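Asks: how would this look folded up:
(chains A and B)
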Amino acid sequence: MEIFDQIISTFSDFGNPKKRVFFGYLFLSVLIALVWLIVAKRMSLSKAFWKIFDKDIFFSKSSMADYKIFVINRIFTFFISPLLLTQVAIATAIYFALHSQSFIPAGVFSNVNIVLVIGLFTFTMFVVDDFSKYLVHRWMHRFPILWAIHKVHHSAETLTPVTVYRVHPLEGVLYSFRGVFAQGTTISIFFFLFGNVVDLYTIVGVNILVFVFHVTGSNLRHSHIDIRYWPWLERILISPAQHQLHHSVAEEHFDKNFGAALAIWDWLFGSLHLSETHKELEFGLDARERSSGYNLKTLYFQPLLDIRKILIRRIRKFSSAVTSWFTSDSLNMH
Amino acid sequence: MIKNALKTSTILVAVTFAGSALAMDKNYGPYPVTLKDYSGEKTNTVSYSGQIARHVMEASLKSLAGKGDGTNADELEAQMLKYFNGSDEELAIIAPAGKDGFAIKQKTIQEISSSANLAGKIYDGAMTAWPGNLTGKEAALDIIAHAAASTKGYDADLGYDWGQVLSKYLIGAVAYHQAVDNYLDEKMTAYNKPNNKPYKDGAHYTGKEHSWDEAFGYWGGPAHTTSLDPNQLYNVSKRKDFESADKNGDGVVDLKSEFVFSPAYYAAGADKGGTKSTSYAQNIMNAFLDGRAVITEAAGEALNADQLAAVQGYAATIEENWEKVLAEAVFKYAGSVYKDITKLGELSSEDEKKEYFRTYAKHWGELKGFSMALQTGKNNLGKTAVEMNKLIGFGPVTMDLTYVTGVDADGKFVKDAWMNWSDYQLNMLQVQKLMVDTFNVASKTNDVTADLAAFADKLSADQNAETD
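Replies: So this is what the prediction gives:
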C-alpha cells in the first residue's frame, strides 16, 4: 500500500495543473505541435504524428536519464524540502520589516477597487516571478560554481517535456529559494499596501497568466518541435525554438535566451537571440565540460567535484595573493 | 489475532464514549462533607460565594467607571472605592444586573457574600506596566481615581478608556492572581491547609476542599460548565441565553452557581473565536472537576504523595490554560489596535477620526488591562513582561502621535515622546509574535498576519524546481 502511494505521489505532477507536465498541458502541446507541423511544415498527419512521438528522442540514452533523474529527484525533494525556508516565514518577516519604514503607511491603498487589486497582483506576481527566473538563470550561466550545477540540465542531448526535471538537486534548492523570495516579497508588499483583500486570479488553481503560458505549449520548449514566433513576438515572449537555441552546443548560441515566459528581459539586457530557420540544432555540452548525457554518477557527482576544484583554486589564489602581499610588505620594511 | 484486536478496540471505543458521556454532564458540586469529626448538619462542602461577590464587584466597577461627568469626581470615587474596599452598607449589583428575559436572583452584593472586598485580595507586588512606580493595588487605585475624574470614563487626550483598563486588569490582579498564585499554589502543598483538618476552626469543609473550591470560584465558570459549549458560555455572560444559564429551572439565574464571569467568559471567547482549535474553558473546568474528585475521594484523610501530585498536576493544567487565556486576550486586542490604526488612516474627516479614536482607545484599554493582568500570576514573566510593556507603552499613540511616557512629580501624566503610526503597528505585530513565542497561543483571534501567512502558504504549494 505504501509503495503504491509512493508511486502515485512520484508521478502526481502529471495530474497536477500547477505543474508544467500536467497531462492536459501535454495533450494541448501535442495538438499545437501537430498543427504547426501540418500547417507550417506542410507534413501529412501521420508523418507529423510520428515526428512528434519520435522513439529515437523519447528513448534516447539522454531522455532515459531524464526519466531516472525525475524519479531520483523526487526522493531528494522529500528529504530536502522540510529543511528549506518557507514562503510564510519570508513573507511575514518582510511584512514586519515594511512596518519599520514610515514613508508609506500600512494599508495605504486599502480603498482601491478589489478587482483592480487582484488584477494588479496577478500581473505583478507573474512578472516578478518571471524576472527572477531570468535573473537566476543568467547567474547559473555566469558564475562557475552555479554553472557546475546547471550544466546537468544542459547536458541533455535530446529534449522532452521531462527534461524540465533534469536538474541537480542543488539547483532545485536554489530555485526553491528564488521562488520563495520572489513570491514572499510580492505577497508581503501587496498585503502591506492593499490589506487582506489580495488574491490571485486563477484557473484550475494556477495564476491565469501561468495557465496561458502552459496551455500555449510551454512543454514544447523542451522538445524537438521548433515552433517559432514572428520576430516582434519573439521580443516579447520566448518561443519554443528560442529556448531550444538556448540548449544548442553552437558557440554563437551560448548565453542567449535565459527567459522563461517573457523575452523582454533578454531583449532589455542584451541576451536575446531570435530563432533561426533551417538550422539543425545540436543539443548538449561540448567535451570540455566533462559531463555526460546519460551517466547518472557523473551527472550527480561531477558538479560537486567541479565545485570543490573551483573552491580550491580560489583559496590557493587568495592565499598566494595574501602571501605575496605580506612578502612585499616585509621587503619594504627592510 | 485480528479478531482480538477488533474486540479490544471496540471495548476501548465503548469505554471512551461512556467516559465522555459521563464527563459531559459533570456538575461542580454538591460534594459531601468528609471532615472526620464533623457533627453539624451541613451536607455540601462547596462554597465560593466570596469569589462570586468579587466578580460582581469587578463588573460593577467597570460600569461605574463610565459614570463620571467631570463634576462628580469625589462622589464617584467614593462610590467606586466601596466596591473596591467592600462596605458595611448594602451595595447594589450594578453589573451583571437582571433584565427582561434574563432574571437574576441576587440584587445586592450582600445577598452573595457579606464581607467580600477586592482591596484585600488584589495583587500587590510591583506593577511596572503602569507609570508612577506603583504596586499592583496602588495602580488599581490610581486608575479608579482617574476614572472618577473623567467624563464617561474616557480621556480623549491621553487615549485612556479607564473602565476597560481597570476591569481587564482586575480580572487578572484579583481572580487569576488569587487562584493560581495562592489557592492552587501554596495551598496545594502538603502542610498548608491539610485535608484532615477543617479549613478554619468550625468549618465543615477541609483545608484542601475549600482551597480548591475558592480557586474554582475565582475562575468564574458556572457549576454546569461541562454541559455548555463556548457559544453558550459566551452568551450566558452576555445575558443572552437564559436557557443555558438557568440549570435548575427555577426561573432566575443564580450568580453563585449559574453565571459566567470574566475569566471563564474570556476562555470561552478564545475557544469560539480565532482558529477554533482551543478548548481552554473545558480544559480548565475538567481539571477543576478532576482535582476536586481526588480531594473528595481522600475522604477527610491528609492527601498522600500520589494524591498530592495528582492535584498539583490538575492545578498546573489550570494555571497553564488560564495564563494562555490572558495571553490570547493580549494577542486579540493587539490585533484590534493594529486594525484600528489602519482604519484611522483610511478615514478622511477629522470628526470621523475623532469618533473612531474612541474605539481605538477602548481596544487599547483592553490590551493594556490584559497585559497587566498577565503579570499578576504565579510566574514572574521577567524579560517577556519588560518587552511587552515597552511595546504597548504606558499609553496609546494618540492623534498628535504623542503618547504617555510616565508621570511627573505631581503624578500628572507626561506625554513627551512621539511615535509614527506604522511603528506602533509594528509594535502590535511584535506583541502578537511575543504571545505566540512565549505562551504558544493557538486561538489567535485578530491575527494580523494570518491572512498573509495562509495566502503565502497556499501559493508556496506552487513552488517547484522546474528549470529552463
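
Asks: Number of residues surrounding the nearest residue to B:N389 once chain neighbours are set aside?
Replies: Excluding the flanking residues, the one nearest B:N389 by CB to CB, 6 or more residues apart in numbering or on different chains is B:A129, at 4.6 Å. For every residue, glycine as well, the C-beta is placed using N, CA and C. A count of nearby residues for B:A129, using other CB atoms under 10 Å in any protein chain shown, gives 25.

Asks: pLDDT averaged over the helix or strand hosting A:S319 - what is it?
Replies: Using DSSP states H and E, A:S319 sits in helix A:296-333. Helix A:296-333 carries an average pLDDT of 87.

Asks: moving C-terminal of the helix or strand containing A:Q244, what's the next helix or strand?
Replies: Assigning secondary structure by DSSP H and E places A:Q244 in helix A:240-246. Downstream of helix A:240-246, the first helix or strand assigned by DSSP H and E is helix A:264-268.

Asks: Most proximal residue of the stretch 201-350 of chain B with respect to chain A?
Replies: Closest residue of the stretch 201-350 of chain B to chain A, CB to the nearest CB: B:T342 (4.0 Å).

Asks: was I right about that residue contacting A:A106?
Replies: Yes: using CB atoms under 8 Å, B:T342 makes contact with A:A106 at a distance of 5.8 Å.

Asks: Specify which residue of these two has the higher count of neighbours.
Replies: A:A106 (23 against 19).

Asks: From B:Y360, how far out is the more buried one?
Replies: Using CB to CB, to the nearest Å, we find A:A106 at a distance of 15 Å from B:Y360.

Asks: Same check on B:L344?
Replies: For B:L344 relative to B:Y360 (CB to CB), the value is 6 Å.

Asks: sorry, back to before: shared neighbours of B:T342 and A:A106, which are they?
Replies: Counting by CB atoms under 8 Å, 6 or more residues apart in numbering or on different chains, the common neighbours of B:T342 and A:A106 are B:Q425.

Asks: between B:L344 and B:Y360, who's got more neighbours?
Replies: Taking neighbours as other CB under 10 Å, B:L344 and B:Y360 compare with B:Y360 leading, 23 against 18.

Asks: Show the pLDDT at the more buried one.
Replies: 98.

Asks: What segments of chain A are helices?
Replies: A:2-10, A:23-35, A:45-52, A:55-58, A:61-80, A:87-98, A:114-142, A:144-154, A:169-194, A:208-215, A:240-246, A:264-268, A:296-333 (DSSP state H).

Asks: Check those for me and report the most buried one.
Replies: Across the helices of chain A, averaging neighbours per residue (mean count of other CB atoms under 10 Å in any protein chain shown) puts helix A:240-246 on top, at a mean of 24.

Asks: quick one: low-confidence ranges for the chain?
Replies: Picking chain A for this. A:1-3, A:6, A:329-334 (pLDDT under 70).

Asks: you looked at the wrong chain, it should be chain B
Replies: Counting by pLDDT under 70, chain B contains low-confidence ranges at B:1-25, B:461-467.

Asks: State the distance from whichever residue of the stretch 101-250 of chain A sits closest to chain B to A:T77.
Replies: Taking CB to the nearest CB as the measure, the stretch 101-250 of chain A has A:G172 as its residue closest to chain B, at 3.5 Å. Distance check for A:G172 against A:T77: by CB to CB, it reads 7 Å.

Asks: Same check on A:F258?
Replies: 24 Å.

Asks: and the helix holding A:S319, what does it pack onto?
Replies: helix A:61-80, helix A:144-154 (3 or more CB pairs under 8 Å, 6 or more residues apart in numbering or on different chains; DSSP states H and E).

Asks: After the helix of greatest length in chain B, heading C-terminal, what element do we hit next?
Replies: As far as residue count goes, and with DSSP H defining each element, the longest helix of chain B is helix B:305-346. Using DSSP H and E, the helix or strand that directly follows helix B:305-346 along the chain is helix B:350-373.

Asks: Give me the spatial nearest neighbour of B:D400, chain neighbours excluded.
Replies: Nearest to B:D400 is B:W418, by CB to CB, 6+ apart, at 7.5 Å.

Asks: ok now do the one you found, which residues does it touch?
Replies: Contacts of B:W418 (CB under 8 Å, 6+ apart): B:397, B:400-403.

Asks: Which of these has the largest number of neighbours?
Replies: Counting neighbours by other CB under 10 Å, B:V397 comes out on top of the contacts of B:W418 with 24 neighbours.

Asks: which element is the residue nearest to it when sequence neighbours are not counted on?
Replies: Spatial nearest neighbour of B:V397, chain neighbours left out: B:Y424 (4.4 Å); criterion: CB to CB, 6+ apart. Following DSSP H and E, the helix or strand that holds B:Y424 is helix B:421-439.
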